[in-house]
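Chemist: Structure for the following, please:
(chains A and B)
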Amino acid sequence: MRPACFFSNVRFILLIAPLWATTGATTSPATAFAAVPVGDVDGFKQTVAPLIKTYCIKCHDETKSQGQLTLHNIDADLIAGKQPEIWRIIQEQLLHGDMPPEDEKQPTQAERKILLNWIRKEQLKTQQPGVVTEDKLLLPQFGNYIDHDALFNESAGPVIPAMPRMWRIRPTIYSSLVNTTADGNFSVGNPFSVTDAEGFKDYSSMYFIDEPTTAMLLTNAERIVERQVKASKYKAMRELVREDRAPTDEEVARAIQEAFRLAMQRPATEEEVKRFAALHAKAVKTSDVQIGGQLMLMAVLLQPEAMYRQELGEGPVDAHGRQRLAGREIAYALSFALGDQVDGNLLKLAEAGKLTSREQVAAYVKDRLANLQKNYGANPRIMQFFREYFGYMEAMEVFKDDPAKGKHEPRLLVSDLEMTIGEILSADRDVLAQLLTTHRYFIAYKLDSKTGKPVGNWDRNYPLEYQTSFGLPADWKWTPQQPIEMPKDERAGVLTHPAWLAAFSGNFDNHPVQRGKWIRTHLLGGSVADVPIGVDARIPEDEHKTLRQRLALVTGKSECWRCHNKMDDLGLPFEQFDHYGRFRRLELNSPVITRGEIARTGLSSLDLRTADPVELMHKLAKSPHVEQVFVRHVFRYFMGRNETLGDAGTLQQAHKAYIESNGSFNALVVSLLSSDSFLYRRDVIDGASRKPVAKQDGIQQGSSR
Amino acid sequence: MISRRDLFRGTSLGAGALFLEPFMRQLEAAATGSPKPMRVVFFVQGNGVYPDQIQPEGIDRPRVCEKLEDRPLTGHKFARSVDPLEPFARRVTFLNGLSGKVHRGGHGGGFAALGCWPVDKMAYGETVDAAIAKKFGGLFPHVGLGVQNDAAAVIYNLTSWERGKPMPTQTNPIMAHHQLFSVAAKGDARKKFNAKTNLLDFMAEDVKRVQDRLSGAERERLGRYLEAFESMSDRQSELVKLADRIEKAAPTIDPKLADIRNIKGEPTGIFDRLEAQFDIAAASLIAGLTSVVTISSGVKHGGVGVSCNGEEIGLAKGHIDSHGIGHGGSMLGETATELHIRIRRRHMEKLAKFVKKLESIPEGDGSMMDNTLIVYLSDAADQHHPSAGEWPIILVGDLGGRLKLGNRYLRFPWYGKPGHRTVSNFYTSILHVIGDRRERFGFADVKIADLNQDGPLSEIMV
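Modeler: Now for the predicted structure:
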């Protein structure tokens, strides 16, 4: 029991012995993560509560509750408690000096540090692998909650990976599986869907297979099996449902093997044959040879191993409580990270025991991503990352009338943006910086699929004056000599491309707040709370005021500015484009005000007042912090989950790989897909045991190495 | 938070024991004639219910209404767009003037229409049909059927059980039929039904084996797949017990209706599908499989009602685009208003058939319709781009006399005026009479925070 001590002094700080020391040295992760963390309620009572009482309660007690915030009975347990969001708000307000207000009594620097250190220490506990305080924190929009400093700027121990999981397959994987098992293109309703929300769409925590989905899977399985038993190439399955007599045990076994090879890309184990044969016998008894046989074949298609991406791990448990994924699991994980079908070569490698080490995995990915421009078709997940990260596809959902002189063609804009992205990926150098600053845009451009030569990308007639979206004159003639160099002082990267701008706009106006929020979260690694439930977040109409002015009317209020100070000044610079993405100098006959500010990053080297969006983008492009935030997002996309503190090693290595390769996206992906975070899972039986897992029936083990 | 597992697998009684209990009481009640059965049907049509288009003839509709208007419908002909309901006027109530501005939507309201929260929150909580379904229980506590132009069979954009748990709307009538009535089939279909239990039990075991290798949230998530098979298996057994009832009630559905094509300029078949869905809804109510059905038309995410072919609404062949008419565009020589009217009328025709069907089934001293309440509205309130200052609702039935409805025209004072009420108050009314006495359903509208938004509509309470 520590003596109560209300005075801040160096000695006192050293007396606190948190799980995560504030100096940056970490305890060994293996022991650190062995115990389930517990909230430091005693520490709160002794050190934090008195400070809150002195400096905060005056305005935030139950009667006053300024800003609708009461602190008098705040929940001190960040792990089991229900108020993590409030602690984040407190942390931010303290960090940026927003609270207490200027005219109120201020805590000393040391006192501020005590508070911040305690909060951070408690938060770090909640960010360990396996600690889930709230389900919603598993969603993509909460990834930034994990402490950036702890991930990148503190020495990382061995990676402590995620729990074993079964990751529901994406709709596109399901379609691919259906075509494979139904022997050819077979259109069935897709029972799976992905979220409509912006951001990453395929997180394992977001999806489960419920009853209505299962009902659809059953119906589809029925239809697929109907095709299978009629197909000439599936002899064994055809014989299973023969009309003249019941199949023999051997014939049943052969049918099971054929079905497994088709759906699971592997033979059935002896145990599996026994189980499925028993099902067959039962089903035939309750119905008949044809129906029973088909029902058994349906079961093969519905197995969890087919409907989920299996990442359970196998083999010996290492000193850190981790198990590597089985060879087969790695084969599937890599295949589905990059595309929608399993790569037969990977399965062969797995079978031959050549897909176990980090080096082997890295070699495969490197080879596969080489010549990416030629291989986009085989690696659709690469471009998909940029779609989900930047969010520019939304441009196609925003309805706009055509501008007075010009043509708004969102599909074409998106396609042209992807040409720019493709060019950058092909050069594969300084990829992020290029994406944020390039002024080389393509206009209605594509490469002919047969000749590979550049051709115009339009259906019948060139969409009249489409190029005016890019600031080119109405009489501009299309040329294959592309990309076109846009004025350097007007355009810089994806965020000044008409496709992105249109995606973050409405029918008639820009969406500066949305844009600012995107920059805050996707480049600066910050977070913004949801719009409070009672608030109608709309910018008032006023034909005599610019958007900047109208926005200030509503977000300037103190209760709004607390969150809007993180967004508005990042998004308003882009007012130098109209909502079609066209450059403009005037708005309502006045010069557009393009100033903005990078603030509240906690990094004095990054904070900056900017004159225009080009300066803003160039500043962001040069920042290692922004690079690191980018790396975090790439991690999330390919892992299908948020990072935890256990992934610090992976992230640091990945960033290193990116830097050392001069900004190669390929190198970054290779590093991530061969990382311990990707290849290992924690060993769990009832969440605790570390005994090696015995071989499980029905789950094919790769070579045991 | 109660997991669905807890909800559906209470005791050894099996299939949703928690649900079977109230349901069994209903069956008993129906047999003995005491506490009368109750059923509620929601019919949600996309693209707005334009109040001017449904106004009964001879009743003035000033833009702003200062005082409550409450009068019988007797002597007032129904407007053309809803006149298929006129034969049932004694059961019909026009509920006008309720606002629903909390939904704040651009086009369709999605979950907000039945949930009373902002539309962008998606499946933010429990929609009113889910709340009622939880109270009533049943083998299928809630049945969601719908129609839309494209072939995505199951959509999730209207009903939600609780936060993050949207409920399906099945838009393929053949699949809906399959899911509800296959126990009553004959020959091979029945053999399939029987063997299906073997398959479901096998799958449950199969999933369990994998589940044993997971823990925590991962285990829970895979558990949903397991529950799906277990629930379906339990339900199979229960359905067998009801096979005779189901056989008598199950409708015949043209298999061609499953072939949903969306080719501009060609017949869409959408009204045929709507009729089939109403048939299925009626049958599921008659067979006692459920007591809450939500039928919808064109309410998928981003949906704005259904498009159709001119031929399907009594005009020449040609594509009628729901979004286009929503923006006031004329097509095939008709104004947008006329097209709205015709499309709505076709919807009402199907609803009228449904009402007639329920009237034909005796129950207690009267018919099934006597113990039913149908709630008709749009997810887009009063128009394509809803203002939601008023959200027109048409009711058919009075839930066994538990509500003061029928032959009635109600119009509440305009938004913000004393006496103004909201859609949320209406939903609260239904919940109160079925025994869920919460103070308020959904979220309050902060813009009219000075008005008391709690409680039911006293005007319709008995």
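
Chemist: can you list the weak-confidence ranges in the chain?
Modeler: I'll assume chain A. A:1-35, A:371-377, A:685-705 (pLDDT under 70).

Chemist: actually chain B
Modeler: Scanning chain B for pLDDT under 70 picks out B:1-34, B:105-106, B:152-153, B:164.

Chemist: any idea where the strands of it begin and end?
Modeler: B:39-45, B:69-71, B:92-96, B:143-147, B:154-162, B:165-170, B:292-297, B:308-309, B:319-320, B:362-363, B:366-367, B:372-377, B:393-396, B:408-411 (DSSP state E).

Chemist: for chain A, same thing?
Modeler: For chain A, strands defined by DSSP E occupy the ranges A:165-168, A:308-311, A:322-324, A:440-441, A:445-447, A:454-456, A:484-485, A:586-587, A:590-591, A:596-598, A:608-610, A:680-682.

Chemist: Just put those in TSV and tack on distance to B:G364 and mean neighbour count.
Modeler: Heads up, the C-betas are built off the backbone N, CA and C, glycines and all. Below are the strands of chain A laid out as TSV (distance: least, C-beta to C-beta, whole Å; neighbours: other C-beta atoms under 10 Å in any protein chain shown):
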stretch	distance to B:G364	mean neighbour count
strand A:165-168	47	24
strand A:308-311	50	23
strand A:322-324	64	23
strand A:440-441	73	21
strand A:445-447	69	17
strand A:454-456	72	15
strand A:484-485	77	14
strand A:586-587	69	13
strand A:590-591	74	10
strand A:596-598	70	21
strand A:608-610	75	16
strand A:680-682	60	22
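
Chemist: hang on, the earlier thing: do you know which of the strands of chain B lies nearest chain A?
Modeler: Chain A lies closest, by C-beta to the nearest C-beta, to one member of the strands of chain B: strand B:165-170, at 3.9 Å.

Chemist: Just confirm yes or no for that closest one near chain A.
Modeler: Yes: applying C-beta under 8 Å from any C-beta of the partner chain, one finds strand B:165-170 touching chain A at B:M167, B:P168, B:Q170.

Chemist: Pretty sure the first one sits against B:A131.
Modeler: Think B:M167. No: using C-beta atoms under 8 Å, B:M167 makes no contact with B:A131, being 11.9 Å away.

Chemist: The residue of the stretch 251-400 of chain A at minimum distance from chain B: what's it in contact with?
Modeler: Residue of the stretch 251-400 of chain A nearest chain B, by C-beta to the nearest C-beta: A:S287 (3.8 Å). Shown in contact with A:S287 (C-beta atoms under 8 Å, 6 or more residues apart in numbering or on different chains): A:L295, B:K191, B:K192, B:N194, B:A195.

Chemist: which non-adjacent residue is nearest residue 230?
Modeler: Since no chain was named, I'll use chain A. A:R238 (7.4 Å; C-beta to C-beta, 6 or more residues apart in numbering or on different chains).

Chemist: That was the other one, I meant chain B.
Modeler: B:A204 (5.1 Å).

Chemist: OK, contacts around that neighbour?
Modeler: B:A204 makes contacts with B:L226, B:F229, B:E230, B:S233, as judged by C-beta under 8 Å, 6+ apart.

Chemist: 10 Å instead?
Modeler: B:Y225, B:L226, B:E227, B:A228, B:F229, B:E230, B:S231, B:M232, B:S233 (C-beta atoms under 10 Å, 6 or more residues apart in numbering or on different chains).

Chemist: go on, B:V49?
Modeler: B:81-82, B:340, B:344, B:376-383, B:386, B:390-394.

Chemist: Could you rerun that using 8 Å?
Modeler: Contacts of B:V49 by C-beta under 8 Å, 6+ apart are B:R344, B:Y376, B:L377, B:S378, B:A381, B:D382, B:P392, B:I393, B:I394.

Chemist: Buried ones among those?
Modeler: For the contacts of B:V49, a neighbour count by 16 or more other C-beta atoms under 10 Å in any protein chain shown gives the buried set as B:R344, B:Y376, B:L377, B:S378, B:A381, B:D382, B:P392, B:I393, B:I394.

Chemist: Dig out what the second one forms beta bridges with.
Modeler: Residues in a beta bridge with B:Y376, per DSSP bridges, are B:F43, B:I394.

Chemist: What are the neighbouring residues in contact with it?
Modeler: Applying C-beta under 8 Å, 6+ apart to B:Y376 gives the contacts B:F43, B:V44, B:Q45, B:V49, B:L351, B:I393, B:I394, B:L395, B:V396.

Chemist: burial measure for the closest residue to the third one other than its chain neighbours, as a count.
Modeler: With C-beta to C-beta, 6+ apart as the measure, B:S297 is the residue that lies nearest to B:Q45, at 4.7 Å, once sequence neighbours are left out. Using other C-beta atoms under 10 Å in any protein chain shown, B:S297 is surrounded by 29 other residues.

Chemist: isn't B:S297 right next to B:E275, touching?
Modeler: No: if you go by C-beta under 8 Å, B:S297 and B:E275 don't touch, sitting 11.6 Å apart.

Chemist: Tell me the spacing between the residue of chain A most remote from its centre and A:S287.
Modeler: Checked against the mean C-alpha position of chain A, the extreme residue using C-alpha atoms, centre = their mean is A:D244, at a distance of 54.7 Å. Distance, A:D244 to A:S287, using C-beta to C-beta, to the nearest Å: 17 Å.

Chemist: Go through stretch B:395-403 and flag the buried ones.
Modeler: So, applying 16+ other C-beta under 10 Å, buried residues of stretch B:395-403: B:L395, B:V396, B:G397, B:D398, B:L399, B:G400, B:R402, B:L403.

Chemist: what sits against the closest residue to chain B within the stretch 401-550 of chain A?
Modeler: The stretch 401-550 of chain A approaches chain B most closely through A:G534 (4.2 Å), counting by C-beta to the nearest C-beta. Neighbouring residues of A:G534 by C-beta under 8 Å, 6+ apart: B:V446.

Chemist: How many neighbouring residues does the closest residue to A:L572 other than its chain neighbours have?
Modeler: Leaving aside its chain neighbours, A:L572 sits nearest to A:P512 (4.9 Å; criterion: C-beta to C-beta, 6+ apart). Using other C-beta under 10 Å, A:P512 is surrounded by 25 other residues.

Chemist: pretty sure A:P512 is in contact with A:H579, am I right?
Modeler: No: between A:P512 and A:H579 there is no contact under C-beta under 8 Å: 10.6 Å.

Chemist: Quick check: A:G327 vs A:V398, distance?
Modeler: 46 Å.

Chemist: who has more neighbours, the two?
Modeler: A direct count of neighbours by other C-beta under 10 Å for A:G327 and A:V398 places A:G327 higher, at 27 against 16.

Chemist: does that one really touch A:L355, like I thought?
Modeler: Yes: counting by C-beta under 8 Å, A:G327 does reach A:L355; the two are 5.0 Å apart.

Chemist: Pull the contacting residues for residue 434.
Modeler: In the absence of a named chain, chain A is used. A:Q434 makes contacts with A:I424, A:A427, A:G493, A:G663, as judged by C-beta under 8 Å, 6+ apart.

Chemist: Let me rephrase: I mean chain B.
Modeler: Residues near B:I434 by C-beta under 8 Å, 6+ apart: B:M38, B:I132, B:K135, B:F136, B:L399, B:R402.

Chemist: and if we set it to 10 Å?
Modeler: Going by C-beta under 10 Å, 6+ apart, B:I434 touches B:M38, B:V40, B:A131, B:I132, B:K135, B:F136, B:S291, B:L373, B:L399, B:R402.

Chemist: mind checking how far it is from chain A?
Modeler: 25 Å (C-beta to the nearest C-beta, to the nearest Å).
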